[in-house]
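Colleague: here is my input; please provide its structure:
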Amino acid sequence: MNATRDKIIVGLSGGLGNQMFQYAAGRALSLDLGVELQLDLSWFAGREERTYALKDFSITGQVLNPFEYLPETIQALESRIARRWFPSRMGGVVFREKYFHYDESFHQLKPAIYLEGYWQSEKYFKNNSMQIASDFSPNSEVPDRCMPILSSIKETQAICLHIRRGDYLTNATAAKTHGTCPISYYHQGVELLVKNLNTPHCFIFSDDPEWVKENLSVPCPFTVVDVNNGNEANWDLFLMQSCLHFVIANSSLSWWGAWFGV
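Modeller: Below is the predicted model:
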């Protein structure tokens, strides 16, 4: 394990959108301080519901997996407690997110620091936004399955509409904390946009496309995008950001799609 003290270590967790916020904050801090960035993947050890999702981007940083030498049964146990005892052993002072809004003290940090949190604010990386956008560019060619959708997006005044369901419904904690946006929200959002568009076309992205097909209608032509599976969210994000207008969910993936798109 790298013994240098001049580093920023980011603890990655959650889905693609969360991992992007975590990486962006750590990457920006490492650029500001001129030090190495390292990515700790220990949270994913022994988990099936989430996996490391940044490998399909042109990111930088040394990827660490301190539990890869352990049996899978031990990995599962260790991943639950890793964030409470392991970070300090990686050579950094642990800086844990105090709350979900922006923390100005973040930019006063000095290496070596272990970042634990979600860091869901553009303010953490705004001064390095061009580099962050470059880091999140695909590191492979757009797959053939996405090309017809991409062509349609470029031929219309494309509206990206993202509907997040999944664990916001099935996980009691997520449901209580986040909840889902009502259908009326999406209807109103699209209605506001189409008033000023000549060739609007809605491209609908969701982790529950069958529900969307059965329950949602919008006041313009639409396409439910279901060409990518759950492990290919990076290509959904690529298609989302190719749109011109956005009606987003209370989702970090939605946020990133709109951020790139505007």
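Colleague: just give me the neighbour total for the nearest residue to residue 240 once chain neighbours are set aside.
Modeller: Once flanking residues are discounted, residue 240 sits nearest to residue 257: 3.3 Å by CB to CB, 6 or more residues apart in numbering. Every C-beta, even on glycine, is put in place using the N, C-alpha and C of the backbone. By the criterion of other CB atoms under 10 Å, residue 257 has 26 neighbours.
Colleague: show me what the mean pLDDT comes to for stretch 8-20.
Modeller: On average, the pLDDT along stretch 8-20 is 95.
Colleague: what about the strands in this protein?
Modeller: Using DSSP state E, the strands found in the chain span residues 7-11, 36-40, 62-64, 93-96, 113-116, 157-163, 200-206, 222-225, 245-247.
Colleague: partner strands of the fifth one, with direction?
Modeller: Strand 113-116 has the following strand partners under DSSP bridges: strand 7-11 (parallel), strand 93-96 (parallel).
Colleague: try the last one
Modeller: Strand pairing for strand 245-247, using DSSP bridges, gives strand 157-163 (parallel).
Colleague: wait, isn't residue 261 in contact with residue 247?
Modeller: No: between residue 261 and residue 247 there is no contact under CB atoms under 8 Å: 11.6 Å.
Colleague: more crowded one of these two?
Modeller: Applying other CB under 10 Å to residue 261 and residue 247 shows that residue 247 carries more neighbours, namely 25 against 16.
Colleague: burial count for the nearest residue to the more buried one once chain neighbours are set aside?
Modeller: Closest residue to residue 247 apart from its sequence neighbours, by CB to CB, 6+ apart: residue 189 at 3.6 Å. Applying other CB under 10 Å, we find 19 residues neighbouring residue 189.
Colleague: also residue 246?
Modeller: With neighbours defined by other CB under 10 Å, the count for residue 246 comes to 21.
Colleague: can you check residue 134 too?
Modeller: Using other CB under 10 Å as the criterion, residue 134 is surrounded by 13 other residues.
Colleague: swap in the one 3 residues further on?
Modeller: Other residues near residue 137 number 11, with proximity taken as other CB under 10 Å.
Colleague: correct me, but it touches residue 58?
Modeller: Yes: counting by CB under 8 Å, residue 58 is a contact partner of residue 137 at 5.0 Å.
Colleague: per-residue confidence for the residue nearest to residue 247?
Modeller: Listed pLDDT for residue 189 reads 95.
Colleague: gap between it and residue 248?
Modeller: Using CB to CB, to the nearest Å, we find residue 189 at a distance of 9 Å from residue 248.
Colleague: what do you get for residue 232?
Modeller: Separation of residue 232 from residue 248 (CB to CB) stands at 20 Å.
Colleague: who has more neighbours out of those two?
Modeller: Between residue 232 and residue 248, counting by other CB under 10 Å, residue 248 is the more crowded of the two (24 against 17).
Colleague: picking that back up, as a markdown table, the strands of the chain with distance to residue 151 would be great.
Modeller: Formatted as a markdown table, those follow (distance: least, CB to CB, whole Å):
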| stretch | distance to residue 151 |
| --- | --- |
| strand 7-11 | 36 |
| strand 36-40 | 35 |
| strand 62-64 | 35 |
| strand 93-96 | 45 |
| strand 113-116 | 40 |
| strand 157-163 | 11 |
| strand 200-206 | 12 |
| strand 222-225 | 11 |
| strand 245-247 | 18 |
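Colleague: any idea which of those strands gets closest to residue 130?
Modeller: Ranking the strands of the chain by proximity to residue 130 (CB to CB) places strand 36-40 first, at 16.8 Å.
Colleague: now do the closest one: distance to the chain's middle.
Modeller: Here strand 36-40 is found 17 Å from its chain centre; the criterion is CA atoms, centre = their mean, to the nearest Å.
Colleague: quick one: that strand to strand 7-11, angle?
Modeller: Counting by axes from the mean of the first three to the mean of the last three CA atoms, to 10 degrees, strand 36-40 lies at 20 degrees to strand 7-11.
Colleague: low-confidence ranges in the stretch 51-200 of the chain?
Modeller: Within the stretch 51-200 of the chain, the segments meeting pLDDT under 70 span 65-92, 166-179.
Colleague: how about 90 then?
Modeller: Residue ranges of the stretch 51-200 of the chain with pLDDT under 90: 64-94, 100, 112, 164-182.
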